[in-house]
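> The amino acid sequence is not available; the structure is as follows:
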């Protein structure tokens, strides 16, 4: 899944090595091996859905 092409904005976020490693481990479980940014998008969307703030 590619990121949306319009109405987007780049963000820079610093993450601990531990969190990056955890994201990479989780990416490898996905059938399509998403990029780090895509995995972070998926995680954020899932969190928003779980907290009742679904947007996408």
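Nice, I can see it. Since we're looking at a predicted model, the values are computed, not measured.
> ok, the residue nearest the centre of the chain to residue 30 distance?
By CA atoms, centre = their mean, the chain has its centre lying nearest to residue 40, at 1.4 Å. According to CB to CB, to the nearest Å, residue 40 stands 12 Å off from residue 30. No exception for glycine: its C-beta is placed from N, CA and C like everyone else's.
> Kindly report the same for residue 15.
To residue 30, residue 15 is 18 Å away according to CB to CB.
> go on, residue 7?
Distance from residue 7 to residue 30, by CB to CB: 25 Å.
> pLDDT below threshold where in the chain?
1-4, 54-56 (pLDDT under 70).
> tell me which strands and helices the helix ranked longest in the chain is in contact with?
Using DSSP state H, we find that the single longest helix of the chain is helix 36-50. Secondary-structure packing of helix 36-50 (3 or more CB pairs under 8 Å, 6 or more residues apart in numbering; DSSP states H and E): helix 17-27.
> List the buried residues in the helix it packs on.
For helix 17-27, the neighbour count (16 or more other CB atoms under 10 Å) marks residue 27 as buried.
> Now do that helix against helix 36-50, angle only.
Inter-element angle recorded for helix 17-27 and helix 36-50: 80 degrees (by axes from the mean of the first three to the mean of the last three CA atoms, to 10 degrees).
> Tell me the helices and strands packed up against helix 17-27.
Short answer (3+ CB pairs under 8 Å, 6+ apart): helix 17-27 packs on helix 36-50.
> Show me which residues of the helix it packs on are buried.
38, 39, 40, 41.
> Include distance to residue 51 when you put those residues into CSV, please.
Below are the buried residues of helix 36-50 laid out as CSV (distance: CB to CB, whole Å):
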residue, distance to residue 51
38, 21
39, 19
40, 16
41, 16
